[in-house]
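*Asks:* fold the following, please.
(chains A and B)
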Amino acid sequence: AQTIHQWPVAEIKAVGSPLSLGCTIKGKSSPNLYWYWQATGGTLQQLFYSITVGQVESVVQLNLSASRPKDDQFILSTEKLLLSHSGFYLCAWSLTGASAETLYFGSGTRLTVL
Amino acid sequence: GDSVTQKQGQVTLSEDDFLFINCTYSTTTYPTLLWYVQYLGQGPQLLLKVTTANNKGISRGFEATYDKGTTSFHLQKASVQESDSAVYFCAPYGSSGNKLIFGIGTLLSVKP
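*Replies:* All right, here's what the predicted structure looks like:
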């Protein structure tokens, strides 16, 4: 069975500090990977997606970057946090091609920027 | 650009009440509509899928339907339970760039 693990579960960071969030998928080879952001009480905004190692497409510019250093790993980062980065970050995976419509989300990382 | 409309931002019901949530979007080129449910503190999970071709999907007592006349999708349940309290998102699938567009979500609160 496939599992998706996000870390950390929660972070409290200062404005201007760096950030790195991680996501690992086990049990599935070469999945599509996604990062989503959700403001408190808000909808899900897709940030990045990746269909293969080393390739990441940006959907929304929020002074964040993403990388896929391994087939099963997706990293979200920034060198300088803003207050507006606070929220719930969700990693997700899907199958590829015509089966890509179903996303499987992780449990998320709650980020608070002070 | 494409947009998804969920008019009911928040719905409060009592147990055994009937649930009806509506979802429309600005283009008819998305034949597949997904309903996701997000429980408090968790990531969303797929609840149902419905297409314009088959018009109906059923899971866990929920039913998703497509109304050809109004080109809108509905999520309904005959008798809600307190455990159904969650946020329900609709998301049409089919756009380019592996982008799934989510509606704003409907927060369902079911009182015992």
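
*Asks:* tell me where the model's unsure across chain B.
*Replies:* B:1-2, B:26-30, B:94-99 (pLDDT under 70).

*Asks:* likewise for chain A?
*Replies:* In the predicted model of chain A, residues A:98-100 satisfy pLDDT under 70.

*Asks:* quick check: residues of chain B near chain A?
*Replies:* Contact residues, chain B versus chain A (C-beta under 8 Å from any C-beta of the partner chain): B:32, B:34, B:36, B:41-46, B:49, B:89, B:93-94, B:97-100, B:102-105, B:107. Backbone N, C-alpha and C define where each C-beta goes, glycine included.

*Asks:* now intersect these with the strands, please.
*Replies:* Here DSSP state E is the test, and the residues of chain B next to chain A give B:T32, B:L34, B:Y36, B:Q45, B:L46, B:K49, B:F89, B:Y93, B:L107 as lying in strands.

*Asks:* dump the residues you listed to JSON lines, plus distance to A:T40 and neighbour count.
*Replies:* Converted to JSON lines, those look like this (distance: C-beta to C-beta, whole Å; neighbours: other C-beta atoms under 10 Å in any protein chain shown):
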{"residue": "B:T32", "distance to A:T40": "29", "neighbour count": "15"}
{"residue": "B:L34", "distance to A:T40": "23", "neighbour count": "24"}
{"residue": "B:Y36", "distance to A:T40": "18", "neighbour count": "24"}
{"residue": "B:Q45", "distance to A:T40": "20", "neighbour count": "14"}
{"residue": "B:L46", "distance to A:T40": "23", "neighbour count": "16"}
{"residue": "B:K49", "distance to A:T40": "28", "neighbour count": "17"}
{"residue": "B:F89", "distance to A:T40": "15", "neighbour count": "24"}
{"residue": "B:Y93", "distance to A:T40": "26", "neighbour count": "19"}
{"residue": "B:L107", "distance to A:T40": "12", "neighbour count": "16"}
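
*Asks:* which among those residues gets closest to chain A?
*Replies:* B:Y93 (4.1 Å; C-beta to the nearest C-beta).

*Asks:* the residue lying closest to the closest one once chain neighbours are set aside and B:N54, how far apart?
*Replies:* Closest residue to B:Y93 apart from its sequence neighbours, by C-beta to C-beta, 6 or more residues apart in numbering or on different chains: A:E101 at 4.1 Å. A:E101 sits 14 Å away from B:N54, taking C-beta to C-beta, to the nearest Å as the criterion.

*Asks:* OK, contacts around A:S17?
*Replies:* Applying C-beta atoms under 8 Å, 6 or more residues apart in numbering or on different chains, we find A:S17 in contact with A:K80, A:L81.

*Asks:* before we move on, what about A:S84?
*Replies:* A:L62, A:V113.
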